[in-house]
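Trainee: how does the following fold in three dimensions:
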Amino acid sequence: MNIGALEEHYKLELAPLYESDEAKTLFSLAAEQVLALSPSKLMMQKDVTVSFINMQKLLSILNDLQIGKPIQHILEEAHFYGLVFKVNENVLIPRPETEELVEWIISVCNTQSSVNSFESPKKLSILDIGTGSGCIPITLKSTYQTPR
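Mentor: Residues are numbered from 1 along each chain as shown. Purely as a prediction, here's the structure:
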């Protein structure tokens, strides 16, 4: 079976749960991980035959999607604020709304730092206990820059 046929199979099998575009995106995410192809290469290589092993992996992912398992738990990774976090069924999946919270925290901290530019820079202290993947403090630590 080739990549294009597998994509169509995903769209057909996932039709009861997902709209066509969303099923296509789910296939793209699965294929990107299993076949190590970027989305643009995936689009250009629809006629490429998928090996039996990779086809089995993609069909296994499809089976998990059909029973309602989130793609992030299946692939064991979630993208958040430009970072990739390892997740599984025991970890909350970072939400896009939480990215907005992180953006707000960064803007408030940067605004307060620029207002108090004559004072010594203050360190950002955050306590995040048992709230999921740890995406908020990790992202803030990797993003927040104290002015010099």
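Trainee: hey, where'd the strands end up in this protein?
Mentor: Along the chain, counting by DSSP state E, strands occupy 78-80, 83-85.
Trainee: among those strands, show me which one is buried the most.
Mentor: strand 78-80 (a mean of 19; mean count of other C-beta atoms under 10 Å). Bear in mind the C-beta positions are built from the backbone N, C-alpha and C, glycine included.
Trainee: which strands and helices lie in contact with that strand?
Mentor: strand 83-85, helix 135-143 (3 or more C-beta pairs under 8 Å, 6 or more residues apart in numbering; DSSP states H and E).
Trainee: each with direction, which strands does that strand pair with?
Mentor: Within its sheet, and counting by DSSP bridges, strand 78-80 is paired with strand 83-85 (antiparallel).
Trainee: I'd like the strands of the chain as JSON lines, with mean pLDDT and distance to Ile53 appended.
Mentor: JSON lines is the format used below for these (pLDDT from 0 to 100; distance: least, C-beta to C-beta, whole Å):
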{"stretch": "strand 78-80", "mean pLDDT": "94", "distance to Ile53": "25"}
{"stretch": "strand 83-85", "mean pLDDT": "93", "distance to Ile53": "24"}
